[in-house]
Structures are given as C-alpha cells and as structure tokens.
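In: sequence first, predicted model second:
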Amino acid sequence: MGRVLMRVAYDGTKYSGWQVQPNAVTIEGVLNEALGQLTGETIQVIGASRTDAGVHSLGNVAVFDTESRIPPEKMCYAVNNLLPQDIRAIESFQVPDDFHPRHCDSVKTYEYRIWNDSFPSPTLRLYSHFTYRKIDVDKMKSAAAKLVGEHDFGAFCGSGSQAETTVRTIYSIDIIEERCEDYESGRMIRIRVKGSGFLYNMVRIIAGTLLDIGTGILEVSVINRCLETCNRADAGPTAPACGLTMIGIKFDQPLSSI
C-alpha cells in the first residue's frame, strides 16, 4: 500500500505521553500494538507532536508504512476496534511515501484551559487546571500579544530539550473567557496558541506565565524580559499537563487529495 496518515484523538490522563518509553504505557506504543495486530506487520508510527504525559489531543497526526490490503480510508475504522476507548483514530488516508509530519510546514494549534471558581469541579478536573485566584484576563491578553511573532523562546523551553534552536514563530494567541450556565460563579479561560512549532513544554510555560500575570504574581513586563534574556528562570511555572489539549495540525500541502 505505502504510507498512511492517521489523525488521532486521545485522553492523555492515563498515558506517559506520546513517545514510546521503556516500562511505560504511551499513545505511540498502544497505536503500534493495535496497528500491528490489524495488519500482521511490525508497525512503528511517526507522530507529528510528541505530547507530554497527561496531555490530550483532538487531532494529533501519525504516519506509518504498511503492505496491508485494507483501504487507507478504512484503516481508522478497523483499528478503532482494537484501541481502548480513550484513544480514537478519526481519519486516515494515503500520503506520499516520503511525507514526514515533522519535516514539513504546518500550523499547530494548542489550547490550555483554566477553570476559575471558588472550588474545583469534579467533572472538569481532568481537562483543565483549577485556580480560585481572581484573574485579570485583560492583563493576560496584553502579555500574550507580546509573544506573537518570531522570537527566541528560550525562556519558555523546559529543561531536557534537544532542540537545535529555540527560535519559533507564534501566529496568534487568543485568550477566551467563557461563562458556564451550569456554574453560577465559575468561568473557563482558554488560551489558544497557533504556531509553526513548539519547544518542549513551551505552551505549558506560556500558560503558567500568563496565569501568574493574570493573578498578579508577575507583571505584564515580564514578557519583555523573557524575550530579552531567553532565561527560563525569568518566566513563570510550567502549568499542569491536564489543562493542555492539542487541537490539531494543518499542513501547507493539501494531503487529503492524494
């Protein structure tokens, strides 16, 4: 057959991230096993984004090579019968044999969710970060605007990164405040970030920094210092993984028509 692209959604709560690790259950490992059972081959998927432990996705992208006779567009339906309920293939189709999801231009969208209320919500706890502190959303928006564009994001890069450069481009950061009719006082604050690519923990550090600005722990001007010094110590904390969801990836080339 050739190379198949598969879009994958998952609840990352129980998993040690995307990438295969010794003695750990990961999204990549579960996909490899299920696709191997389906095709009778040894499958090694290549993911577009190696999400961290506890991070969720509505549409991460993986490719794999197979000689299976299952039509590429039917592969997602077939493999879902072998996957756990917290992982689902939502689309599949054939792509060129040399297509690599991390080696081509794309726009990645992530969203960090903060639940702001007097008390935590049991039903939202797995998919948002809770804080009872008063949040000034306007300050968060002012700070976020400074991050848009091409910058050295070294201050927003977690330790252990193997990136050759910490320069990245953010196309937009939207801070969206939503009231929930089921909660009298609570609100969901969503930080939606679009960029060409992200450093290790970059979105979670941005979220942690913006939250500290919104709650008055840090000043808006801290963003200027972070972009000047590129020093991780100048930025805020790494926000918990549960609040982060990969929304999806759009590639510059129209792959679905291949």
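Out: Arrived safely. All values derive from a computational prediction rather than experimental measurement.

In: show me what contacts the residue of the chain positioned farthest from its centre?
Out: Residue farthest from the centre of the chain, counting by CA atoms, centre = their mean, is R69 at 32.1 Å. Residues near R69 by CB atoms under 8 Å, 6 or more residues apart in numbering: M1. C-beta here means a position set from N, CA and C on the backbone, and glycine is covered the same way.

In: ok, D252 next?
Out: Per CB under 8 Å, 6+ apart, neighbours of D252: 104-106.

In: tell me the pLDDT at the residue farthest from the centre of the chain?
Out: Note on R69: pLDDT of 95.

In: okay, now the unreliable bits of the protein?
Out: 182, 254-258 (pLDDT under 70).

In: please, which helix or strand holds the residue farthest from the centre of the chain?
Out: Here R69 sits in a region with no helix or strand, counting by DSSP states H and E.

In: can you report how many residues neighbour P120?
Out: 15 (other CB atoms under 10 Å).

In: who touches the helix or strand where V79 lies?
Out: Counting by DSSP H and E, the element that carries V79 is helix 75-80. For helix 75-80, the external contacting residues (CB under 8 Å, 6+ apart) are 4, 6-7, 31, 34-35, 38, 68, 70, 88-92.

In: try it again with 6 Å
Out: Applying CB atoms under 6 Å, 6 or more residues apart in numbering, the contact partners of helix 75-80 are 4, 34-35, 38, 70, 88-89, 91-92.

In: what residues of it count as buried?
Out: 75-76, 78-79 (16 or more other CB atoms under 10 Å).

In: quick check: next helix or strand after it?
Out: strand 87-95.

In: which strands border the helix or strand following that following strand, and is each parallel or antiparallel?
Out: Remark: after strand 87-95, the chain's next helix or strand is strand 106-116, criterion DSSP H and E. Here strand 106-116 has these sheet partners by DSSP bridges: strand 129-131 (parallel), strand 187-195 (antiparallel), strand 244-251 (antiparallel).

In: out of those, nearest to A53?
Out: strand 244-251 (10.8 Å; CB to CB).

In: could you export that closest one as CSV, CA atoms only?
Out: Extracted C-alpha coordinates of strand 244-251, given in CSV (Å, rounded to 0.1, in the frame of the first residue of the first chain):
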residue,chain,number,x,y,z
LEU,A,244,-3.4,21.2,27.7
THR,A,245,-5.1,19.8,24.6
MET,A,246,-3.6,19.6,21.1
ILE,A,247,-6.5,20.9,18.9
GLY,A,248,-5.0,19.9,15.6
ILE,A,249,-2.4,20.4,12.8
LYS,A,250,-2.9,21.9,9.3
PHE,A,251,-0.3,21.2,6.7
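
In: which parts of that strand are buried?
Out: 244-249, 251.

In: next: stretch 12-21.
Out: So, applying 16+ other CB under 10 Å, buried residues of stretch 12-21: 12, 15-18, 20.

In: closest to I191 among those?
Out: Nearest member of those to I191, counting by CB to CB, is G12, at 17.6 Å.

In: can you tell me the strand partners of the lengthiest strand in the chain and which way each runs?
Out: For the chain, the strand reaching the highest residue count under DSSP state E is reported as strand 167-179. Sheet pairing for strand 167-179, assigned by DSSP bridges, gives strand 149-152 (antiparallel), strand 187-195 (antiparallel).

In: so which bits of the first one are buried?
Out: Put plainly, it is strand 149-152. So for strand 149-152, counting by 16+ other CB under 10 Å, buried means 151-152.

In: centre of the chain to it, how far?
Out: Distance, stretch centre to chain centre, for strand 149-152: 19 Å (CA atoms, centre = their mean, to the nearest Å).

In: now do the last one
Out: Shown here is strand 187-195, whose average C-alpha point lies 12 Å from the average C-alpha point of the whole chain (CA atoms, centre = their mean).

In: now for R3, how many residues are close by?
Out: Using other CB under 10 Å, the number of residues around R3 comes to 18.

In: let me redo that: P122
Out: 7.

In: just to revisit the earlier point, next step: the buried residues of stretch 12-21 restricted to helices.
Out: The helices, defined by DSSP state H, take in nothing from those.
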